[in-house]
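1. structure here, sequence nowhere to be found:
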């Protein structure tokens, strides 16, 4: 019918590159052939990593499962390819050349937070914020990786996981889709500035995975959220650039009686809207 454009007609001018165009991009060389799928990337070679990365980046968030459903798979995928011996060696070298980091590692502070033990902190303080967070249903800051750390690397991982929600509270980034992205990219930025590149890569593995997959997922399935998403990324990068050291090195136990706004001011960061971003959860589901 006149005036009606079919799907095929609408995409008529969108096509694959022809041979000459492809050769311009690819050059004259062809990759070597093999009887198995193999490359010079250990991440591409690992089928579990490939599948988990693809699922995390390309999936929609459904009402049937939690947004964090793929986290266990992500952890398994990353641990399958990570060189923990190199990671530990780099941590040891960092301790030797960076007294601030060495003192933080050697302190080995691990704190259990319980709502009933935090009820006496004044409104607006970090202690009160943690109390309110833990008072919401079955919330816990010790949902994984419990027990005494066996070594420096084990301590680094456990400390980061146990304090993740405190970082949300202090920065005002989440926990929600926009807040998770802002906090992830904030942590990536600060670690990349503070540590040598290879050590920063090890430390940033999980945050980069979350950030990149989330960015792609939003662009594919929830484009209406993209302007706000990019703004959250900008806020996170700006905060990460302002931090003198990564958030995971903060001794939050010493700040329980300090106003959250004053903590953010001391860190030199502008807080996000916290629950003010909660509206985005429904927009990027389904």
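-> The structure has been received and is ready for your questions. Remember, predicted model here, so these are calculated numbers, not experimental data.
2. isn't residue 62 right next to residue 286, touching?
-> Yes. Shown here, residue 62 and residue 286 form a contact pair, counting by CB atoms under 8 Å, at 6.7 Å. Every C-beta, even on glycine, is put in place using the N, C-alpha and C of the backbone.
3. which pLDDT value belongs to the nearest residue to residue 208 once chain neighbours are set aside?
-> Among residues not flanking residue 208 along the chain, residue 188 sits closest, at 5.8 Å (CB to CB, 6 or more residues apart in numbering). On the pLDDT scale, residue 188 is placed at 98.
4. hang on, isn't residue 188 packed against residue 204?
-> Yes. If you go by CB under 8 Å, residue 188 and residue 204 touch, sitting 4.8 Å apart.
5. so what's the residue count around residue 211?
-> For residue 211, the neighbour count with other CB atoms under 10 Å is 22.
6. neighbour count winner among residue 188 and residue 204?
-> For residue 188 versus residue 204, the count of surrounding residues by other CB under 10 Å is larger for residue 188: 24 against 21.
7. show me what contacts that one?
-> For residue 188, the contacting residues are 204, 207, 208, 211, 240, by CB atoms under 8 Å, 6 or more residues apart in numbering.
8. any idea which residue sits dead centre in the protein?
-> Centroid-nearest residue in the chain: residue 207, 2.8 Å away (criterion: CA atoms, centre = their mean).
9. against residue 177, how distant is the closest residue to it other than its chain neighbours?
-> Spatially, and ignoring its direct neighbours in sequence, residue 207 is nearest to residue 184 (4.3 Å; CB to CB, 6+ apart). Applying CB to CB, to the nearest Å, the value for residue 184 to residue 177 is 11 Å.
10. before we move on, what about residue 240?
-> Residue 240 is 19 Å from residue 177, where distance means CB to CB.
11. same check, this time on residue 68
-> Distance from residue 68 to residue 177, by CB to CB: 11 Å.
12. which one of the two has more residues nearby?
-> residue 177 (27 against 11).
13. the more buried one is in contact with residue 280, isn't it?
-> Yes. Between residue 177 and residue 280 a contact is recorded at 4.8 Å, counting by CB under 8 Å.
14. outside of the longest helix seen in the chain, which residues touch it?
-> Taking DSSP state H as the criterion, the chain has its longest helix at helix 197-221. Around helix 197-221, the neighbours that count as contacts under CB under 8 Å, 6+ apart are 53, 56-61, 74-75, 78, 82, 86-87, 90-91, 94, 156, 177, 180-181, 184-185, 187-188, 191-192, 194-195, 225-226, 229, 233, 246, 284.
15. run through who's touching stretch 112-123.
-> Here stretch 112-123 makes contact (CB under 8 Å, 6+ apart) with 127, 128, 130, 131, 134, 135, 141, 142, 256, 257.
16. kindly give a single PyMOL line that selects the buried subset of those.
-> Here is the PyMOL selection string for the buried members of the contacts of stretch 112-123, based on 16 or more other CB atoms under 10 Å:
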select buried, resi 127+128+130+131+134+141+256
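17. so where do the helices sit in the stretch 1-150 of the chain?
-> Under the criterion DSSP state H, counting those that start in this stretch, helices of the stretch 1-150 of the chain are mapped to 7-10, 19-26, 42-45, 47-58, 71-81, 84-97, 99-107, 126-134.
18. redo these as JSON lines? Include mean pLDDT and distance to residue 165.
-> Formatted as JSON lines, the helices of the stretch 1-150 of the chain follow (pLDDT from 0 to 100; distance: least, CB to CB, whole Å):
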{"stretch": "helix 7-10", "mean pLDDT": "59", "distance to residue 165": "46"}
{"stretch": "helix 19-26", "mean pLDDT": "84", "distance to residue 165": "45"}
{"stretch": "helix 42-45", "mean pLDDT": "94", "distance to residue 165": "29"}
{"stretch": "helix 47-58", "mean pLDDT": "96", "distance to residue 165": "21"}
{"stretch": "helix 71-81", "mean pLDDT": "94", "distance to residue 165": "14"}
{"stretch": "helix 84-97", "mean pLDDT": "97", "distance to residue 165": "24"}
{"stretch": "helix 99-107", "mean pLDDT": "97", "distance to residue 165": "20"}
{"stretch": "helix 126-134", "mean pLDDT": "95", "distance to residue 165": "6"}
